[in-house]
Structure formats: structure tokens, C-alpha cells
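Chemist: here is my input; please provide its structure:
(2 chains)
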Amino acid sequence: MFIPSQEKMLITSNDDFLLLKELRNELDRNLVYMGLPGPLINDLLTWSEVLSDCICFEKNEKEKDQIIRSLYISELTKRLRFKVICADVEEYLINRMQYYDTPTFDLVNLDYFGPPIVLTKDGSSNRVSSWEKLFTFQTERKRSEPFVLFITTSVRNKDEGEIDKMLEDMKHEAPDILIPHNAPGYEHLKMKLLIPYLLRSAASREKWDLELKYCHTYLSKTSRMVHFAFRAEPSQSRLVTRHKQSLIDISNLDMLDITSNYSD
Amino acid sequence: MELVQAPHNLLGSKLLSALGPKLYHNPKYALRELIQNAYDAINQLNRVMSEEDITATESRRIEIVIEEDTLHVLDSGVGMDINEVWEYCSLGLNKKVRRLDAGAHGVGTYAGAAIGHSLEVWTKKYGSNEAFNAIIDYDVIFDNETKRGTIDYIEYAEDLTRKAVTVLRAENPYLPEVHFTHVKIKLNSEAKVMFSKINEIHNFISIYCPVDFSPSTDSIIVDHIKNGMQHVSAIQTPIEIFVNNIPVYKQNIDNVRPIKEDTLGVDLKEIKIGEKVVAQVWLGLNRKLESIKDPLTKGIVLFLDGFMIDTDARPSIAQYFKRDDIAYYYTGEVHLLDSTLEPDLERTWIQPTPSWKVIESKLKELVKNLESTVQKRSQQENAVKSLRDLLDLAKSVIPAESALPTDAWELTELRTNLENWKKSVKKYYGPRKKNNYPFDIQTKCDTLIKKCDAIMTAIANIRNTPINDQSKKTTDMSSNLDQQPRTPFIFNQTQVNHPEHEDKKALPVHNEHNQIHTKENDNTVDDSPQPIEKSAPISTKEYNVTPFEDINKPSLPLTNTSKQIDKTLQIDPEIMYQLIYRLIDMVKKSPTESNEVLMEWFEKELHKECH
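Modeler: Numbers count the residues shown, from 1 in each chain, chains lettered A, B, ... in the order given. Model prediction:
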């Protein structure tokens, strides 16, 4: 069973929760959650006071059953309307979300266990495609309010140089940007640039102005993890949205290394 | 997860022969069985927990999650330890406490076979640090059923259970105080269809899973029943059932099977065998002897240990007694308190034990008694109601004396109505008594009839037409109201206007004090109905009015005064009309004046005019 690390729980209950409280006050209502809460639903338990609905995804059926059990035992079922879907969230976002009769999401928490980029045989990445579909879904449902997107992923990636290639592409777009060394121990810094870069492309096509609020890294039991908090604002632009936050700004943003003695 | 070996001698075989996928003919009963297990677990917790631990505000929640191909039932009941898990998974082994728990057969676990291929259960017992996960593969059990009878039965059952059931020590990420049972069933194709109709499931649960008592039972009896069933603590922590986040049932002592509709004969009865109370019963019948509309109220329902014994078509009693009316006109509850009573597997009826036979016959007797009581009461109520309707009708039929109609046609119609009404009152009230409201109206009726007669007589005398003939004619007309135009009585072809529309100076009118005065001096407002203006001449032939030349014909001797009218008098019809209108006005203004006085005045005036 996947048990979140203490560091992750610190981030969830501090920075993430603060951001969600702000959004809740701004929207003046409790939030609709969509994401991967994990079998012990720590994020839902922590944020429950600002949530109203939750749509949870879990690929593993036993862990999905555990989510239902956790929701029930924690008595969150008394306070939240919930739906637990046994499916791969990426596949669901790409192929099925369009048929899903739901309001748009205020909070998307994609807490991946694995690496950020998994390429399919044709060279595309399901994960990146699903992010694009997420923005498409929010736009097609005519969402006019901002939403928050959390992405957590490990930095391990058995790629064949795709990440470096993508970073090179980014360099063309922002020549002043500094790409981290291609050496062990610097992967999380590459992720700090790569994930916002990929998300910004997907968001701008669907007219969302994406801002990286903060990014943290921490060491879990098995690997180094990175955690990103984005805020997406609907853009009035008719064509492709230009983000207010530049890649240089993102590059200059500190990435905090969270340890269990972290304090706010 | 660690595999747990099955202990010996725990696998029952009592009911294996009865098992099969068709154990529950209706998949909904399987759901009820699962809810009942959850309910029992919560009740058991209430018995296990110390009173301090049970907070009155804490609700006990049964959560049902219906997915596309899966059903989850979760309860926060007492949970199970390893021995109880094996008991739960074994066939036909029931260790529940009769009178305290609803389950009786120990085959509730196999209810899932009617709706699914496999059942998985996760549980953690109250106060224990261990959690368990058990899986029952129904397909293994029922695929092997064909071999039954060829081998030693108990051994076979044990062997089968071992093959079909897997019990694991589960991961336990829970706090020590957590206790629960989570049942998950992979649905078969038939059940998938049934569970896709969520509204039907909601209705089924809301109607079939109440475990409370009606407010109609008085507190002593309620306490008696509650104590008998150890429900007190359960009531303190009401059980709620949710289906996919939607509340469908909440245990509430004051809010189940309410008597919303008019019901007669609601009364508590006890059925005893010797000195022992074996059932508490209240029955009622719809006051109007009509079908009760509210589905929660309709029908007499059996409860055993707080759970309804019923079929989907509801209610069983109606079917069993072969009396459809019981399902619709009756309401009531029969709470069975005898510990020897057991329901059948689907909980649609009670096993035919001797005590049940006694209860059954007494129940039939109670229904019969209720019927006769209600029929008598209903007849009385109907009679009273009819009379009330009649009085209301009378109020609308009888006009104020000052508002008597001014044309003969309406006058005759009114008279007929009054006569009919008098007959009706007599029919319902019998002999006449003093100071009785309906007879006050009847007296008034009589007065009005006399006045109608007086006017009609006057008219008949003047026209020299027998009043009976005239009355008959107009009554016939009244029967054809829809076909005939309502036309005022007219005596000849000449167009006649009401005197008020003409020069009224010439027409002396009696005021309330019977004084004659002219219209010039009259400042009072005349609120009597105005005669209908005649827009066109109407032939006398058409209305069968006697011409002026035939006035010498004998008149009907209704009153003495009318006989005295000089039949040799010759009078201008115009003057005659004026006289009649004056007579009508007099009747309006002086309703208390006797007919004789009126007729006397009329004759005098008539003579005056003729001379």
C-alpha cells in the first residue's frame, strides 16, 4: 500500500492547503477535487474542510476499494460527495473525460508514483497528452474561474535523451535560461524547468494562463520527488495565451528541498 | 497479506442443500440481507460498547456504493475477528443471538450469490488490532453443486468451503479505535441491470429497511417492544443508509410508517399464547374505504426483530390471506415477539411453526373485527356527511324571502326543489323534532312554499287556469332546462315591460309597514332580482296562456279567498299585469304577511280596477 512520506504530508498540509484556502475564499465556495488521492487519502483528509466534491482515480482495484474504505472510515463520506473511478487517470482524461457529466474542477491533484515522462511506441507521452486534455476539458465546459493544479512525480526517468531534447527546445524559446548539468543529482532541477514548460504549452493552446506558484523537492523512501503547484487563470485572449510568468521567472524560482524538520 | 488456515469444525452444512444461485429469487432480497447483516453488526456494537463510548449524537451509517459492476456495503458495526470471519464465510452456521439480531439462518453471506460471482470482505473488529480480508468464490461452490449426494455431505461441505473461501490477514493502516466491515460483490449481468436503476434501489431500501415503530403505538408498548429487542441503544444512535452519497433511510422512531391519511380503528392489540405476548399489533382501515395512497402507510406489514417480512409486491399478508384489499385499504404493523418464529430465506413470510399458526388465526380475527367496526362507523359517518351535504345544498337552494323569483317558471322550479328537499330531510332525520336546525330550514321551506302557492294561485285565478296544470307544465319545463330558454311568464302577445321601467307614479307599492306610497317618495334601494326584460313579443299560443275572453272558467279552489274572486269581472290585461307585479312586490316587501291578507288585498284591488 502506498503510504505518503512525512515530507509530502508536510507540503500537503502547509503550502498546498494555504493555496487551496485562498482559492476557496476567492471562489466563495468549497472546491471540487479531482485527482489521485492514494489509498489512504491523506490529501482529502487534510483538505476536507475546503472541499465539497471529490472524484478520485485509482488504477489498482484493491487500492480503489481501499479508497472507498478510507473515505467511509474517516467519515468523509458524510461531508463530501465522492466518486471513485477505477481507471488510469491519463487514459480516462484522454479518452473518456469528455463523456463524463461533471462540473469543472477547482483542484486537480495528480500525485504520480512514477516518472513524469513515459513515452509510448509512437514517441508521444500519455501523461503530457492527458494534461492537454485536462485543459481542453476545463475550456470546453466553459470554466471561467481559476483552478489549482498540483503535480507530484519522481525524477527517475529511463528515457533515451528525450528530456534533454525537450530542454534544448525550451532553450530556443528562452535563450537566457540556464539548463542544469546533465549529471546525477541534478535531475530534479531539470524537472523544475521541464514540467512547467510542457504544461505551459498545453495550457496556452486552451487559453489558460498558467503560473507556477512554488515547487518543492523531497526525498521519499524510494526516490527523489518533485512537487509543483500551479494556478491556471482563464485568458481572454482569442488566440494562443501568453503567460504572464516567463520561463526565466520559473527558472529563477527557488525549489525548496523539504525535509521532515521543515517548518513553514 | 498472510493466508489464514481454516479451523476445523467451523464449517456448517445445515443449509447447503438449500443453496444455489436461486437462493434469493429476487436480487433485491439479497441486498436486504446484506443491509440486515450491516444492521446487526451495528446493533452488536451497541451491545458491546460501554455506554460512555456511545455518544447520542453519533450516527451509525451504512454506506452502499453502486458501481458499474460492483456493489459495496460498508458499515461501522462491531466488525469480525478471525473466528467470526470463518463463521461468516461458512455455510449455514449462525451464531447470532435471536431476539437481538435480525439474521437467523447464517446464510446471509451467500445472499451475494444471487447477485454476483464473488464476495470479498474486509473487516476490523472493535478493540482488535487485526484486520482481515476474505474472498468467497461463488462460482466454485455452485459449479460443484452437481456432485452433491455422491459423497459424505459434511465432509463435502467443508471441502467446498475450503476451496471457495480464502481468508487473509489484511494490512492494517487503521487506528486502534477503528472498526468496520466492507463487503464487495462483483455483480452478475442480471444484478448489473437491477443496480443500474438507482431510483428503484432507493425506493426499495426506504420502504423495506425501516426498523422503527410507528408513532401510533403508545410509549409503553413501544418501550416494551424496544426492550424486548434491545433496541434502546440503537435508537440512541440512529442508523442511516446512504446509496452513492444520497441518504435513503434514517432510523427515526417518530418518522416511519406515519398515518398520514384518515384511518379508522387504529388500536393496539396483543396476541397472546397463554400468558406470553407473542405479537403486538395495530391495525387501521381507510376512513373512506378507499385505497391508501402513501406507500409507506399502505398495507399491514409484518416485522420480525424490527425487519420487515415482506415481498416485493407487498404486502405478504394480503397475498397470504388472499385479500387484495388488505394491501390497499388497510394499514398496520404486526410486531412478532416470539423467539421461536423464523422467517423464510427471502424474508417474505414466516416459517409455519405452531405459534405462528395461532398468531395467524388471531390476526385474521382481528382483521375481521376491524372490518365490522369500521363498516358500522363508516355508515354512520356517511349518513352524517350526506346530511351535511344536504344542508349545504339547502342553503344554496332556499333563497332569502326577499329574493323570491319574479317569474312563474322560476317560482315553480323553486317550489319543486323545496318539496324535494323537505322529503330528503325527512328521509335522513326521521320524525320531526323541535329546535332542530334542519327543521328550522324545513319550516322556512314551508313558509316559502306557501308564498309560492299564493302567487301561483293568484296568477292562476287571474288567468283562470288550473294551477296544477300550470305547475305541471312548468315542472316539465324545468326538466328540460338545458333545452328551453328561461323566459318569464307572459300572458298575451303584447310586449310587456316591468312596471318599474314604466311610469311608476301610477303604481302604489307597499312598503315594509304595508303602507302604500309612490315611487317618487321611495328612497330605499330595491335589491330584489329584476325581471328579465322582454325583447320581443311572444305569442300566447306558444305559452298556452288563456286569453282574456276565457277568464270566466272556474279556478282552482286552493284558498278560500281565491274562490271569492268575481269571475264576471272584465279587466284590461295590462292592468292585470300591473296588479300581479304589485302583488309580487308586496310579497317581497312583506314576507311575513299571510296569504289570506295578500289575496284579500289582491281581490280588492282587482275589483277596484274592474269597476
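Chemist: mind saving the C-alpha coords of stretch B:335-349 as PDB?
Modeler: Taking Å, rounded to 0.1, in the frame of the first residue of the first chain, the C-alpha atoms of stretch B:335-349 are listed here in PDB:
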ATOM      1  CA  HIS B 335     -44.500  -7.000  15.500                       C
ATOM      2  CA  LEU B 336     -43.700 -10.600  16.200                       C
ATOM      3  CA  LEU B 337     -42.100 -11.100  19.600                       C
ATOM      4  CA  ASP B 338     -42.000 -14.900  19.800                       C
ATOM      5  CA  SER B 339     -38.400 -16.200  19.700                       C
ATOM      6  CA  THR B 340     -39.500 -19.400  18.000                       C
ATOM      7  CA  LEU B 341     -40.600 -17.600  14.900                       C
ATOM      8  CA  GLU B 342     -38.300 -17.600  11.900                       C
ATOM      9  CA  PRO B 343     -38.600 -16.100   8.500                       C
ATOM     10  CA  ASP B 344     -38.100 -17.900   5.300                       C
ATOM     11  CA  LEU B 345     -34.900 -17.400   3.500                       C
ATOM     12  CA  GLU B 346     -36.100 -14.400   1.500                       C
ATOM     13  CA  ARG B 347     -37.900 -12.900   4.500                       C
ATOM     14  CA  THR B 348     -41.200 -12.900   2.600                       C
ATOM     15  CA  TRP B 349     -43.100 -14.900   5.200                       C
END
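Chemist: measure the closest residue to B:Gln44 other than its chain neighbours to chain A for me?
Modeler: Among residues not flanking B:Gln44 along the chain, B:Val78 sits closest, at 4.3 Å (CB to CB, 6 or more residues apart in numbering or on different chains). All C-beta spots, glycine's among them, are computed from the backbone N, C-alpha and C. Distance, B:Val78 to chain A, by CB to the nearest CB, to the nearest Å: 14 Å.
Chemist: for B:Val78, what are its contacts?
Modeler: Shown in contact with B:Val78 (CB atoms under 8 Å, 6 or more residues apart in numbering or on different chains): B:Ala41, B:Ile42, B:Gln44, B:Leu45, B:Val48, B:Lys125, B:Tyr126, B:His179.
Chemist: repeat that with 6 Å
Modeler: By CB atoms under 6 Å, 6 or more residues apart in numbering or on different chains, the residues touching B:Val78 are B:Ala41, B:Gln44, B:Leu45, B:Val48, B:Tyr126.
Chemist: show the buried residues in these.
Modeler: Neighbour-count burial (16 or more other CB atoms under 10 Å in any protein chain shown) is assigned, among the contacts of B:Val78, to B:Ala41, B:Gln44, B:Leu45, B:Tyr126.
Chemist: so which of these are in helices?
Modeler: Judged by DSSP state H, helices contain the following of those: B:Ala41, B:Gln44, B:Leu45.
Chemist: measure A:Ala203 to A:Gln138 for me?
Modeler: Distance, A:Ala203 to A:Gln138, using CB to CB, to the nearest Å: 9 Å.
Chemist: when those two are compared, which one has more neighbours?
Modeler: Applying other CB atoms under 10 Å in any protein chain shown to A:Ala203 and A:Gln138 shows that A:Ala203 carries more neighbours, namely 27 against 23.
Chemist: surely the more buried one is in a strand?
Modeler: No: using DSSP: H, G, I helix; E, B strand; the rest coil, the assignment for A:Ala203 is helix, not a strand.
Chemist: find the residue closest to it in space, skipping its chain neighbours.
Modeler: A:Leu210 is the one closest to A:Ala203 (CB to CB, 6+ apart), at 4.2 Å.
Chemist: my read: the one you found touches A:Arg200, true?
Modeler: Yes: counting by CB atoms under 6 Å, A:Arg200 is a contact partner of A:Leu210 at 5.3 Å.
Chemist: taking the stretch 101-250 of chain A, what residue is nearest to chain B?
Modeler: Ranked by CB to the nearest CB, the top residue of the stretch 101-250 of chain A for proximity to chain B is A:Thr102, at 13.5 Å.
Chemist: give me phi/psi at the spatially most central residue of chain A?
Modeler: Among the residues of chain A, the one closest to the centroid is A:Ile151, at 2.3 Å (CA atoms, centre = their mean). Main-chain dihedrals, A:Ile151, degrees, to the nearest 10: phi -130, psi 130.
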